[in-house]
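Chemist: quick one, what's the 3D model for this:
(one chain, ligands or ions: 1)
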Amino acid sequence: MTRRTALFLLLMLATIVPTGAQAPAAASADNPLLREWTTPFKVPPFSEIKPEHFLPAIKEAIAQNRTEIAAIANDTQPATFSNTFEALENSGELLAKVQGVFNALTGAETNPQLQAVNREVTPLVSALRDEVRLNEKLFQRIKAVYDARAKGSLTPIQAKLVEEVYKGYVRAGASLDPAKKEQLKKVNAELSMLTLKFADNQLHDTNEFKLVIDRQEDLKGLPPSVVAGGAAAAKAANMPGKWVYTLQAPSIWPFLQYADSRDLRRQILAAYTSRGDRNDQWDNKKTLSRIAALRVERSQLMGFKSYADFALEENMSKTPAGVYNLLNQLWTPARNVALREAADLQASIDKEGGTFKLEAADWRYYTEKVRKARFDLDEQALRPYFKLDNVVQGAFAVANKLYGITFTPRPDLPTYHPEVRAYEVKDANGEHLSVFFTDYHPRPGKRTGAWSGAMRGASVRNGKVVRPLATNVCNFSRPAGDEPALLTLEEVNTLFHELGHALATFLGKVPYPTIARFPRDFVEVPSQIMENWCLEPEVLKMYAKHYKTGEVIPAALIEKIEKSAQFNQGFITVEYLAASFLDMDWHTLATTAEQDATAFEKASMEKIRLLPEIPPRYRSPFYTHVFSGGYSAGYYAYIWSEVYDKDAFQAFVEKGNLFDPATAKAFRRLLEQGGTVDAMTAYKTFRGKDASVEPLLKARGLK
Ligand SMILES: [Zn+2]
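Modeler: Below you'll find the model as predicted:
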């Protein structure tokens, strides 16, 4: 192929062109990141890769990519799908290869050297991305193919790529006239400054407050671990002999759950809910009103009525009406259950002889008392049934029963840490699908939380099928003493969840990475659906065996788990939905006039008749998810995905077989397609109808 030869020459050229003092040609030859990998499945040769290899490799990869893009943009031949879109998909191979390893390491096994490299390359990579997006010549070629797409002979998947790439440029402002482009630039610059300021203010107010306790009696009710945590925080704050509680999640929530002192509970909660709203220099109300207004301005420049209209076009939900429709269906049942829960808590207060009315600072405290009285579920008693190795085998067995895929341990493959395990994932017919790395325990140098990633995604590059290198990275309990690693219930759920994301990677068959991803409000469906299997009695029998005796987890214990899972769901759902409504209300504004944030929030919450005892999970002045993070007009996505995962699981339940082959095959098809088919269409094809909220309401005990 001539184009391939040309690209090859370009790659050669880029390698020869010096890209700075750190990357002379001789260093390239010694740099394992710049060599062809000869390992099985082209797994990164981790033992050879040193931190100092990354900076020159990334710089070189950026230079190569820049050359590739210039060649595509400056091509003198008329633009075609092949010389423009396919060429773009094929470009940046080296950058993807190096970044895949780099991102995996900075997440799971980082060190100051890698962090320094990260600081240096992040602006370089984003500058490259901006450059490509603003390349006028390139956009004209993209537009030419887009405009002619009806006349050509594009396959449906090629047509999808053309539409999505074109849309991406247009959504970034590429088709605006010069004056509007200028306006957009100004709006974007102000927005990026304000969203940073919002986050800084929130951080300031979160960190500033300290509840300092110096009398033992004020600690009443707190379990020993929470007391110890308070003492440690005091010591760190140079207040030895006292106890300090902060607004960070691991500190405030247990305090609100257990502290007998109503006065102190009120103090800490008031500090929490007043972040960004203290009428001082860190106040966020004006900032967020301006952010909302600027987002309207930007969206209207692009021809949309509101920011939500602009943002949701990319999602499964498509329109604000679609989101409100779903939120409204959940709201009334959730609110009704929360009202019942409030009555239960009031009864508990009354029984104690309390003469006050339940308020927000009491909710978690009395909930904990009711929970203990009703369920008495000892989390520690469950753990012996959840030995890590057994849970892993259980999750693999579920994947195998659904899709026929197998997991073969490959201790021979290179890994980035001795604790990482490598598997080869094969299809039912023995065909290679993916390499899978699992990394389950915390270490210094690993980010907190749990995530699923890919050091290499699936694609077809220059006509060659490339299969993924998938990862699951978690921070599960380590083995203690003579015991093996025994997981908590939440960790078991997480393990199944992350394997669900990885399954979407293993099974993905999309040739073009640009359109492989699911939309934001669907991306958690493949992961969350796996959580439905892990606690089914039939599945628990497969893996939840006592690590000493081999005894299967008793049915009574399973029942207790199920019942306690539904406890307090009215509160949890209401505080979440309230925040989702608030987000949507801000982002469906169709005016660039700045709002009075306090009055706006009040009206928004009155509209849904929010219970006064339940503040929204995030109030506007500290709602970083939507005013500085990536969740603007998107906080609803968590429960949207959950409606769909519960409904999808229901498809198996209705068949009377949790592993029904036809249903599994249809769901696998959905995973294979990724973002190439409209998510709503794909879902309806799988299910034969639209999703219902009923399975979610049932699962949460709201119906
Ligand atoms: Zn997830």
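
Chemist: roughly how far apart are the closest residue to residue 296 other than its chain neighbours and residue 373?
Modeler: Nearest residue to residue 296 in three dimensions, chain neighbours excluded: residue 592, at 5.0 Å (C-beta to C-beta, 6 or more residues apart in numbering). In this view, the C-beta of every residue, glycine as well, is placed from N, C-alpha and C. Per C-beta to C-beta, to the nearest Å, residue 592 is found 53 Å from residue 373.

Chemist: burial count for the residue of the chain found nearest the ion?
Modeler: Per C-beta to the ion, residue 527 is where the chain lies closest to the ion, at 4.2 Å. Applying other C-beta atoms under 10 Å, we find 21 residues neighbouring residue 527.

Chemist: kindly provide the distance from it to residue 631.
Modeler: 17 Å.

Chemist: hang on, the earlier thing: more crowded one of residue 592 and residue 373?
Modeler: Comparing residue 592 with residue 373 by neighbour count (other C-beta under 10 Å), the higher total belongs to residue 592, at 14 against 9.

Chemist: just checking, the more buried one touches residue 293?
Modeler: Yes - here residue 592 reaches residue 293: they are 4.8 Å apart, a contact under C-beta atoms under 8 Å.

Chemist: hey, what's in contact with both of the two?
Modeler: Taking C-beta atoms under 8 Å, 6 or more residues apart in numbering as the contact rule, residue 592 and residue 293 touch no residue in common.

Chemist: can you list contacts of stretch 369-387?
Modeler: Residues outside stretch 369-387 that contact it (C-beta under 8 Å, 6+ apart) are 344-345, 348, 477, 484-489, 491-492, 544-548, 553, 557, 560-561, 563-564, 567-568.

Chemist: just the terminal-to-terminal distance for that stretch.
Modeler: Terminal residues of stretch 369-387 lie 30 Å apart, using C-alpha to C-alpha, to the nearest Å.

Chemist: do the same with stretch 444-458
Modeler: Using C-alpha to C-alpha, the end-to-end distance of stretch 444-458 comes to 30 Å.

Chemist: can you list the residues that contact that stretch?
Modeler: With C-beta under 8 Å, 6+ apart as the test, stretch 444-458 has contacts from 42, 44, 96-97, 100-101, 103-104, 107-111, 434, 437, 439, 442, 466-475, 494, 497-499, 501-502, 505, 508-510, 513, 516, 527.

Chemist: and these, which of them are in helices?
Modeler: Mapping those onto helices (DSSP state H) picks out 96-97, 100-101, 103-104, 107-108, 494, 497-499, 501-502, 505, 527.

Chemist: any idea of the pLDDT on residue 95?
Modeler: Looking at residue 95, its pLDDT is 97.

Chemist: related to what we said a few turns ago, taking the ones in helices among the contacts of stretch 444-458, tell me the two that lie furthest apart.
Modeler: Spatial extent of the ones in helices among the contacts of stretch 444-458 (C-beta to C-beta) is set by the pair 97 and 494 at 29.0 Å.

Chemist: neighbour count winner among these two?
Modeler: A direct count of neighbours by other C-beta under 10 Å for residue 97 and residue 494 places residue 494 higher, at 22 against 19.

Chemist: phi, psi for the closest residue to the more buried one other than its chain neighbours please.
Modeler: Leaving aside its chain neighbours, residue 494 sits nearest to residue 450 (4.9 Å; criterion: C-beta to C-beta, 6+ apart). Phi and psi for residue 450, reported as degrees, to the nearest 10, are phi -140, psi 140.

Chemist: now the one 10 residues further on
Modeler: Recorded main-chain torsions at residue 460 are phi -120, psi 110, according to degrees, to the nearest 10.

Chemist: repeat for residue 431
Modeler: As for residue 431, its main-chain torsions (degrees, to the nearest 10) stand at phi -70, psi 140.

Chemist: starting at the chain centroid, how far to whichever helix or strand residue 452 is part of?
Modeler: Per DSSP states H and E: residue 452 is located in strand 451-456. In terms of C-alpha atoms, centre = their mean, to the nearest Å, the centre of strand 451-456 is set 12 Å apart from its chain centre.

Chemist: wait, does it contact the ion?
Modeler: No - if you take C-beta under 5 Å from the ion as the test, strand 451-456 misses the ion, and the best it gets is 6.9 Å.

Chemist: tell me where the model's unsure across the stretch 551-700 of the chain.
Modeler: Counting by pLDDT under 70, the stretch 551-700 of the chain shows no low-confidence range.

Chemist: try 90 this time
Modeler: By pLDDT under 90, the low-scoring segments of the stretch 551-700 of the chain are 556, 558-565, 629-630.

Chemist: can you give me the helices in it?
Modeler: Taking DSSP state H, counting those that start in this stretch as the criterion, the stretch 551-700 of the chain contains helices spanning 555-565, 569-587, 597-607, 624-627, 637-654, 661-673, 679-687, 694-699.

Chemist: from the contact counts, what lies against the first one?
Modeler: Pointing back at helix 555-565 there. For helix 555-565, the packing partners by 3 or more C-beta pairs under 8 Å, 6 or more residues apart in numbering; DSSP states H and E come out as helix 379-382, helix 537-543.

Chemist: could I get the buried residue list for that helix?
Modeler: Buried residues in helix 555-565, counted by 16 or more other C-beta atoms under 10 Å: 557, 558, 560, 561, 564, 565.

Chemist: mind listing residues that contact that helix?
Modeler: In contact with helix 555-565 (C-beta under 8 Å, 6+ apart) are residues 371, 375, 377, 381, 382, 385, 489, 535, 537, 540.

Chemist: out of these, which are buried?
Modeler: Among those, those scoring as buried are 377, 382, 385, 489, 535, 540 (criterion: 16+ other C-beta under 10 Å).

Chemist: return the item of those having minimum pLDDT.
Modeler: Lowest pLDDT of these: residue 377, 79.

Chemist: and that residue, how far from residue 567?
Modeler: 9 Å.

Chemist: residues from this structure in reach of the ion?
Modeler: Going by C-beta under 5 Å from the ion, the residues of the chain near the ion are 524, 527.

Chemist: filter the contacts of stretch 444-458 to the buried ones?
Modeler: Here, 16+ other C-beta under 10 Å leaves 44, 96-97, 100-101, 104, 107-110, 434, 437, 439, 466-475, 494, 497-499, 501-502, 505, 508-510, 513, 516, 527 buried among these.

Chemist: quick one: pLDDT of residue 13?
Modeler: 35.

Chemist: nearest to residue 250 among the buried ones among the contacts of helix 555-565?
Modeler: The closest of those, once distances to residue 250 are taken by C-beta to C-beta, is residue 489, at 18.2 Å.

Chemist: skipping adjacent residues, who's closest to the closest one in space?
Modeler: Nearest residue to residue 489, sequence neighbours excluded (C-beta to C-beta, 6+ apart): residue 382, at 5.8 Å.

Chemist: again, but for residue 32
Modeler: Leaving aside its chain neighbours, residue 32 sits nearest to residue 48 (4.2 Å; criterion: C-beta to C-beta, 6+ apart).

Chemist: residue 154: how many residues sit nearby?
Modeler: Count around residue 154 with other C-beta under 10 Å applied: 18.

Chemist: what ranges do the strands span in the stretch 401-550 of the chain?
Modeler: Using DSSP state E, counting those that start in this stretch, the strands of the stretch 401-550 of the chain run over 406-409, 421-426, 432-439, 451-456, 459-461, 464-466, 469-473.

Chemist: please identify the most buried of those.
Modeler: Of the strands of the stretch 401-550 of the chain, the one with the most neighbours on average (mean count of other C-beta atoms under 10 Å) is strand 469-473, at a mean of 25.

Chemist: counting contacts, what elements does that strand pack onto?
Modeler: Counting contacts by 3+ C-beta pairs under 8 Å, 6+ apart, strand 469-473 packs against helix 93-108, strand 432-439, strand 451-456, helix 489-507.

Chemist: CA atoms of it as CSV?
Modeler: C-alpha atoms of strand 469-473 as CSV (Å, rounded to 0.1, in the frame of the first residue of the first chain):
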residue,chain,number,x,y,z
LEU,A,469,-3.8,-5.1,27.2
ALA,A,470,-6.4,-4.5,29.9
THR,A,471,-5.8,-3.8,33.6
ASN,A,472,-7.8,-3.8,36.9
VAL,A,473,-6.2,-1.9,39.7
